Each structure stands twice: as structure tokens, then as C-alpha cells.
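Chemist: Let's see this in three dimensions:
(2 chains)
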Amino acid sequence: MTIRKMILASAAIACAAMPFSAFADTSAKKIALSNNYAGNSWRQAMLTSWEKVTGEAVKAGVVAAADAFTTAENQATEQAAQIQNMILQGYDAIVLNAASPTALNGAVKEACDAGITVVSFDGIVTEPCAWRIAVDFKEMGRSQVEYLSKKLPDGGNLLEIRGLAGVFVDDEISAGIHEGVKQFPQFKIVGSVHGDWAQDVAQKAVAGILPSLPDIVGVVTQGGDGYGAAQAIAATDRKMPIIVMGNREDELRWWKEQKDAKGYETMSVSIAPGVSTLAFWVAQQILDGKEVKKDLVVPFLRIDQDNLETNLANTQAGGVANVEYTQQDALKVIESAK
Amino acid sequence: MTLRLSSDAMRLVIPALSLTLLLAAVFWLQPRAMSYVGLNLLFNLAVPIALATIAQMLVMAVNDLDLSMGTFVSFIACVTATFLRDAPVTGVLILVGAIATYAGLGVVIHLRNLPSIVVTLGMSFVWGGLGVLLLPAPGGQSPDWVRWLMTVKPPLAPMAIVASIIIAVVAHLVVMRSSLGVLIRGIGGNPRSVERAGWSIVAARGAAYGLAGVFAVLAGIALVGLTTSADANIALRYTLLSIAGVILGGGEFIGGRVSPIGAVIGALTLTLAGSFLSFLRISADWQIGAQGAILIIVLAFRLMLNRVEKREKGR
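Modeler: Predicted coordinates for the structure are as follows:
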């Protein structure tokens, strides 16, 4: 056996043993979560998922520590200081939900220069040395129209509910929806209101625009606004259109009621707050020495007619449907990016 | 007792003492901070805050209060990250115009006898709006020389310490040693007597605001040097931080009683307090409260000292 063959063979064994060797190599590493805001149900669920998954990982000896830090105020300068403190505290990786895509670049660069792995998710940073786990918001918008085209092959008029004006996420989802309408030209958006991702705002906005609209067959949304839209439409004598939901508990509960009463059909799509745990596993894999592309895409969480009950049962009252990721899920995401 | 400190020196003792105490606590919690790199990481974000604090101090020296400091520094940050990089000449013109506006504000406030709080609160919306116009979404990039300046590694002491000392010395020379500085403090103490002595109060007040504008502009530029980019909300916290820094550093709301060296120390203390609490692993829900508690403790010391001072004067 030549040396070359021996190296190849040992490399093959190393590859095969990868998921197991991971447990040994990062056991001394410390990972920190830098979070800029904790004031809504999504962020609370995100932090709870982090605690649960990383707590088990620490107990199992996968990593030495995985501490979560939230800034006292939602400000980029505050978070930059927090990241610099983490460098001093000697963390090996920082998982980051950023207050600003660019204003933290200086601090992130300091961390990279200190040899720290930085993985940003949800609120991502543009600094090239950091990893990004981004959500394909455009696809999230487009898939709604695609779903409607299957349910309603004849097409028809749509009402669009947008999010908070001037926020990047709102622009992206809306762009995706309009792309979808171009792809399925049997649909036409006849009205558009801002629901600010809040049920009460959406209800008021929809109630305001409804009298001026022709018949609508579907409502495309951004999450957190479907229940409000349903309330507004139920108050009129219109036929209930297909309202795409956004995984909030009140939306799913309403959908279940309608499904049981008259077989109402729709779907629900949003990002699981447990994406923080995916970022954790990706950071762990990078620390383990795995080659990971800088830009990863996180799958979004979609709920359909048949798995509505299980998802509703797993969702806390007033919360968001969630899914926690495992090391295997992270490996799958990493592989699919190559 | 033969050794007696002057009241000015007394004013400096408390802030210096609290900074030393806090620093010792941080070093004890996190020995890694006790190094060149560590000190820089602890203090580099304090440099723009120190500059903004000096700016606020100049306004407070003439018995006014600037509530637009945060939005103004944010606006300057936006200008720095866009115009100052892409079209330096236009960028400098905008910055000069901003400083002139500040001086003009001082003149208007004095001539029309307006409350500074109302005028600056109004201006904060103007600066905020201009910032959003320049950068509707976070972005821009810091000019290379600014980035170089804020990441330079001087021998002996890290950039953050050297910069703080330079800021303190320059501000001290301007406010405590120059005739303009005496005049500015004089307006805060007793404007009528300054006027009777033949000085133009309007000009002095305009100069105080103009100088504040200069320091605030420097704060914005320094901030972009650290963050590498800007957004219209980047420095909103600076309004309250700068006021707290002045008070923590021995300044007072009235009477032209300010201390530039103290103000810089105050800004450093505030920054350090945040790190200290984070090293202690205090949950975010308690951090704002804990930060407030540190402020109250320091101010309580101040009050006690003031009482001692008064008793001695009364004797």
C-alpha cells in the first residue's frame, strides 16, 4: 500500500466518521449568541429554542458553553459594544442576529481578526468574513401565488397585505409576490395595504379598503396579518377568500375552526424562530473544521392542510409555530449550498 | 488639614475614582481585558461618545441643553459614509454648513429668547429626516483615512486611550484656558455681568454652539470609522449618553460649571459600565436598571461632596 493510498483511505474514514468526530473536536469551544431585541413573540421563541437546544448540546459535551446575550436597547452601537465584549470574554464563535446589516461590520471585523467565527442569521451582516444564514423572502412571497394557482387554476383578483413600510423584509416578500403574479398572469393584485405584521393593524387596513374592491379570491400576506384580514372580511357579506396564513397561533386556530366547520383550505408559511438553533449548529460545524459556504439559505416553515393539527398542537397560545433544528439539519443545509 | 484640594480638583476626583473602581472590577472579572488589544476593545466605542459629550458640555456651559445630539451625530455619520467618501469637497461643504447651522441656532436661541430644549428637539426631527434622505436603508462606507485613523495602532497605548487623552487635553485648553472658554462659562454663570463688561453675548453663544457643532461632527466621523458604515438611527442613544456623561463627569445643568476632562472620564465610565454589567452576566431586562443604579450611586457621592464643599465655604 503506497503512502498516497493510505492517506486517501484515512481521509475516507475521516469523512465517514464525520458526524461522530464532531462531538470530540468542539467540546472545549464556547459559542455566544448576540441578540439585539427580545420584545416580541418571535424573538422570545427564538431565545427559548436556543436555550433548549444548546442546553442539551452543552450537557452532551458537544460544546463547552453557549450563552445568550441580548442588548438592553435595540441599537447598533450597543450591539457593537456587546460583540467587542464577547471577543474579550474569549468566545470561539459568535452567532449573531444583527440590529443593522452594515453598522456592525467594524465590530464583526474585529472578531474575525481575533480568530472568532461569526455566523449571522435572520438579521444578517454584510462583512465578508462572516457567515450568513439568510431567508429567501422572495421565494416565500412567490410560493404563495404558486399555491393559489394550484387551488384556483382560473385565477382571479388578489388582495396584498404588506408589512412595515421601509423595512427590507417587506420589500423582499412583496417583490416575490409580484414576481409570482407575473409567473401566473391569471392573478391580478387589485389592492394593497400595510398591515405592519400585526393583526389589529391589518384588520383596520383591510376593513378600510374592502368596500372599494371587486370580488377577491385570495389574500397574500406576510405573516401576523392573516387573522386580522379574516376578521375584517368576515364582518362583510363577502365569500371568504383563500387567506395565506403566517404560522401565528391565532391564525392557525382560526384556520382549524374554519376547516372543521366548512372544510376551508389554505396554507401557512413563515420563518421558524428556531433558526437560531440552525445557526448554532452551523457555527459548531465551522469550528469543527468543516468547509462551509459563506452564504446559506434557511428553509422556511410551511404548514399545509394535513399537518395543521400537529403544528397547532405544538404552538403556544399567542406564539409562532416553531421548529428546532438538529446537527443533521445543519449538515443538510450546508451540503445543499455547495 | 494642610492638604486641601481646590473645588475644581474635587470635581474631578469622584469621576476619576469611579472610573478606576469600575476598571479594576472589569480587570478582575475579565483579566483578558488587561492588555493593549483588550483596552482598545473596551474603550474604542467610547471615543465618539466622548466627543459628543464634549459637544453637549459646551451647550450646557451656556445653560442650554441639546436634545438633537443623537440625531445630529447620526446625520453626520450618514454624510461621512456617503458624500465624504465619494465627493470629499461636497462632503466637507455639508459638514461646514452643519457647523454653521449649529452656530446659527445658538444665535437664534439667544436673540429670540427661545428655550433651547424646544429648538433642539425640533431640530432633531430635521437632522433625522435629512439622515433618512441620505441613507434610506443602512449602508454607505467609511472613507479609508477615517477607517485608518480609528484602527491605527500607536505604540505604548491603544488608539482609544490616546484619542481620549487628546480630546480631554484639547477640550480643556479651549474651555478652561482660552479667553473664549472663559466667556462661554461666564455666560452660563452670570450673563449680565459678562455683558456689562463689554462682551457680545450673542457672538459668544453662537461660538459655543459652533464649537459644539465641531465636536459633534468629529463624533459622527469617528463613529463611522469604527462601524465602517452608517444608518440614520445609528447614534440615537448619544443624546442621553452625552448628557449623562457631562453630569457624571462633574458638570452641572446650570451656572456654567463644567469640566472637560471630567466629561471625557464620564463618557468612558458610561461605556465601561455597560461592559461591566455584561461581564457580570446580568440579564438584559436588568441592565438598564443597573446602569441607572451606577449613575445614581455616583451622583449621590457628588451630592455628599457638594454638601461638604458648601459647609466649608459657609464657615
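Chemist: counting contacts, what elements does the helix or strand bottoming out on mean pLDDT in chain B pack onto?
Modeler: Ranked by mean pLDDT, DSSP states H and E, the helix or strand of chain B with the weakest confidence is helix B:284-314, at a mean of 78. Contacts defined by 3 or more C-beta pairs under 8 Å, 6 or more residues apart in numbering or on different chains; DSSP states H and E place helix B:284-314 against helix B:7-29, helix B:238-248, helix B:260-279. Where C-beta positions appear, they are placed from N, C-alpha and C, glycine not excepted.
Chemist: So which residues of chain A form strands?
Modeler: Here chain A has its strands, by DSSP state E, at A:30-35, A:65-70, A:93-97, A:117-121, A:131-135, A:156-162, A:187-194, A:218-220, A:242-243, A:268-270, A:295-298, A:301-303.
Chemist: Relative to chain B, tell me which of those wins on proximity.
Modeler: Closest to chain B of the strands of chain A, according to C-beta to the nearest C-beta: strand A:65-70, at 4.0 Å.
Chemist: between the closest one and helix B:284-314, how many degrees?
Modeler: Orientation note: strand A:65-70 sits at an angle of 60 degrees relative to helix B:284-314 (axes from the mean of the first three to the mean of the last three C-alpha atoms, to 10 degrees).
Chemist: Now do strand A:65-70 and strand A:93-97, the angle between them.
Modeler: Using the same axes, to 10 degrees: strand A:65-70 against strand A:93-97 is 30 degrees.
Chemist: mind listing what's buried in strand A:65-70?
Modeler: Of the residues in strand A:65-70, A:66, A:67, A:68, A:69, A:70 count as buried by neighbour count, 16 or more other C-beta atoms under 10 Å in any protein chain shown.
Chemist: and that strand, what other elements does it pack with?
Modeler: strand A:30-35, helix A:41-59.
Chemist: Excluding sequence neighbours, find me the nearest residue to residue A:80.
Modeler: Spatial nearest neighbour of residue A:80, chain neighbours left out: residue A:107 (4.0 Å); criterion: C-beta to C-beta, 6 or more residues apart in numbering or on different chains.
Chemist: Would you check that the one you found makes contact with residue A:86?
Modeler: No - counting by C-beta atoms under 8 Å, residue A:107 does not reach residue A:86; the two are 9.2 Å apart.
Chemist: Who has more neighbours out of the two?
Modeler: Set residue A:107 next to residue A:86 and count neighbours by other C-beta atoms under 10 Å in any protein chain shown: residue A:107 wins out with 33 against 27.
Chemist: can you pull the contacts of that one?
Modeler: A:79, A:80, A:81, A:83, A:84, B:226, B:227 (C-beta atoms under 8 Å, 6 or more residues apart in numbering or on different chains).
Chemist: biggest separation within these, which pair?
Modeler: Farthest apart among the contacts of residue A:107 by C-beta to C-beta are A:79 and B:226. That separation is 12.7 Å.
Chemist: What segments of the stretch 101-250 of chain B are helices?
Modeler: Taking DSSP state H, counting those that start in this stretch as the criterion, the stretch 101-250 of chain B carries its helices at B:116-134, B:144-151, B:159-172, B:179-189, B:191-196, B:201-227, B:238-248.
Chemist: Please disregard the earlier target; I meant the stretch 151-300 of chain A.
Modeler: Using DSSP H, counting those that start in this stretch, helices in the stretch 151-300 of chain A cover A:168-183, A:199-209, A:226-234, A:249-262, A:275-287.
Chemist: Under the pLDDT cut-off, which ranges of chain A? List them.
Modeler: A:1-24, A:166-167 (pLDDT under 70).
Chemist: Ok, which of the helices and strands packed on strand A:65-70 comes nearest chain B?
Modeler: strand A:30-35 (8.5 Å).
Chemist: and the angle from that closest one to helix B:284-314?
Modeler: Going by the same axes, to 10 degrees, strand A:30-35 makes 80 degrees with helix B:284-314.
Chemist: Listing partners with orientation, what would you give for strand A:30-35?
Modeler: strand A:65-70 (parallel), strand A:93-97 (parallel) (DSSP bridges).
Chemist: circling back: same list (the helices and strands packed on helix B:284-314) but as CSV, adding mean neighbour count, distance to residue B:204 and mean pLDDT.
Modeler: Output for the helices and strands packed on helix B:284-314, formatted as CSV (neighbours: other C-beta atoms under 10 Å in any protein chain shown; distance: least, C-beta to C-beta, whole Å; pLDDT from 0 to 100):
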stretch, mean neighbour count, distance to residue B:204, mean pLDDT
helix B:7-29, 17, 21, 87
helix B:238-248, 26, 19, 91
helix B:260-279, 26, 17, 91
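Chemist: can I get those in JSON lines with distance to chain A?
Modeler: As requested, those are exported to JSON lines (distance: least, C-beta to the nearest C-beta, whole Å):
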{"stretch": "helix B:7-29", "distance to chain A": "9"}
{"stretch": "helix B:238-248", "distance to chain A": "8"}
{"stretch": "helix B:260-279", "distance to chain A": "5"}
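Chemist: Redo those helices as a markdown table? Include distance to residue A:286.
Modeler: Listed next are the helices and strands packed on helix B:284-314 as a markdown table, based on distance: least, C-beta to C-beta, whole Å:
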| stretch | distance to residue A:286 |
| --- | --- |
| helix B:7-29 | 28 |
| helix B:238-248 | 35 |
| helix B:260-279 | 24 |
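Chemist: out of these, nearest to residue B:66?
Modeler: helix B:238-248 (7.7 Å).
Chemist: Measure how the closest one sits relative to helix B:201-227, angle-wise.
Modeler: Using the same axes, to 10 degrees: helix B:238-248 against helix B:201-227 is 110 degrees.
Chemist: Save the contacts of residue A:107 as JSON lines, and put in neighbour count and distance to residue B:95 too.
Modeler: Listed next are these as JSON lines, based on neighbours: other C-beta atoms under 10 Å in any protein chain shown; distance: C-beta to C-beta, whole Å:
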{"residue": "A:79", "neighbour count": "27", "distance to residue B:95": "27"}
{"residue": "A:80", "neighbour count": "28", "distance to residue B:95": "23"}
{"residue": "A:81", "neighbour count": "22", "distance to residue B:95": "26"}
{"residue": "A:83", "neighbour count": "26", "distance to residue B:95": "29"}
{"residue": "A:84", "neighbour count": "25", "distance to residue B:95": "28"}
{"residue": "B:226", "neighbour count": "25", "distance to residue B:95": "18"}
{"residue": "B:227", "neighbour count": "31", "distance to residue B:95": "18"}
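Chemist: Can you tell me which of those residues comes closest to residue B:34?
Modeler: residue A:84 (15.2 Å).
Chemist: Assess the claim that that closest one and residue B:43 are in contact.
Modeler: No - at 9.5 Å, residue A:84 and residue B:43 do not qualify as touching, with contact defined as C-beta under 8 Å.
Chemist: How many residues are close by residue 115?
Modeler: Picking chain A for this. By other C-beta under 10 Å, neighbour count at residue A:115 equals 8.
Chemist: Chain B, not that one
Modeler: Quick note: residue B:115 (other C-beta under 10 Å) scores 11 neighbours.
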